[in-house]
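Chemist: give me coordinates for this.
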Amino acid sequence: MRTRADDRSGPGGPQANRRDLLRGGVLAGVLAGGVLVTASGCGLLGGGPDTPPPPDALTGLLAGTWSLIAAYDSALTAMPDLGPLLGPLRETHRAHAEALTAVMSPRPSAQAFGPASLAPAAGDRKAVITALRTAELNGGKQAAEVCVSTTAARATLVGEIAVARATHLEVLVP
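Modeler: So this is what the prediction gives:
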């Protein structure tokens, strides 16, 4: 005899009702699905090797940023007296490289875009500044092109990079 509405005891003792059976079946299904997904992810089900994800759309812009950093490093090696002028511009590019890396997926390794080993910039002050202006102009064009083609979520960052490169042109007067 039942004494409460939720009492499931019967003549043979406690019995599961239909709701309990469905809950158990759903839980078992979820667990089985999780095991299959895990097993398929580790290659137990005969899947081939995982293909690496495609490179991020910002990879070219990041490579260009590292090239600019290398150009500034080269110029500063050749003409250390330009440090007060060029140092802040180089550090801006370093900040851009960090910001780009932070939003990229998959994130490139630090070694992927390590500083290039460029020969020290040759020439006088005017030649070094002109070379950096050309590099900044090309980098600004690249950033503007990427800004137009990137996602809305990334457009602000890439637009800020393009604007920064344009302002660098104003500082780099031969």
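
Chemist: three-state assignment of T51?
Modeler: Assigned by DSSP: H, G, I helix; E, B strand; the rest coil, the conformation of T51 is coil.

Chemist: state the distance from it to E170.
Modeler: To E170, T51 is 45 Å away according to C-beta to C-beta, to the nearest Å. For every residue, glycine as well, the C-beta is placed using N, CA and C.

Chemist: what's the distance between A135 and D50?
Modeler: From A135 to D50 the distance is 38 Å (C-beta to C-beta).

Chemist: err, T65, not the other one
Modeler: Taken as C-beta to C-beta, the span from T65 to D50 is 29 Å.

Chemist: neighbour-wise, which of those two wins?
Modeler: Per other C-beta atoms under 10 Å, whichever of T65 and D50 has more neighbours is T65, with 27 against 8.

Chemist: surely the more buried one is in contact with A99?
Modeler: No - the criterion here is C-beta atoms under 8 Å, and T65 misses it with A99 at 9.5 Å.

Chemist: V148 is in contact with A162, correct?
Modeler: No - using C-beta under 8 Å, A162 makes no contact with V148, being 9.6 Å away.

Chemist: which residues in the protein form helices?
Modeler: 18-41, 59-78, 83-103, 125-149, 152-171 (DSSP state H).

Chemist: list the buried ones in the longest one?
Modeler: It refers to helix 125-149. The neighbour-count check on helix 125-149 (16 or more other C-beta atoms under 10 Å) flags 128-129, 131-133, 135-136, 139-140, 142-144, 146-147 as buried.

Chemist: flag the shaky bits of this structure, pLDDT-wise.
Modeler: 1-49, 110-111, 113-121 (pLDDT under 70).

Chemist: spit out the contact partners of G140.
Modeler: G140 makes contact with A162, R165, A166, H168, L169 under the criterion C-beta atoms under 8 Å, 6 or more residues apart in numbering.

Chemist: neighbours of the first one, just the number please.
Modeler: Other residues near A162 come to 21 when the count uses other C-beta under 10 Å.

Chemist: how close does the closest residue to it other than its chain neighbours sit to S74?
Modeler: Nearest non-adjacent residue to A162, counting by C-beta to C-beta, 6 or more residues apart in numbering: A143, 3.7 Å away. Between A143 and S74 the distance is 21 Å, computed by C-beta to C-beta.

Chemist: hmm, G83 is touching D73, no?
Modeler: No - taking C-beta under 8 Å as the definition, G83 is not a contact partner of D73, at 11.4 Å.

Chemist: compare those two and say which is more crowded by neighbours.
Modeler: D73 (18 against 12).

Chemist: alright, I will stop here.
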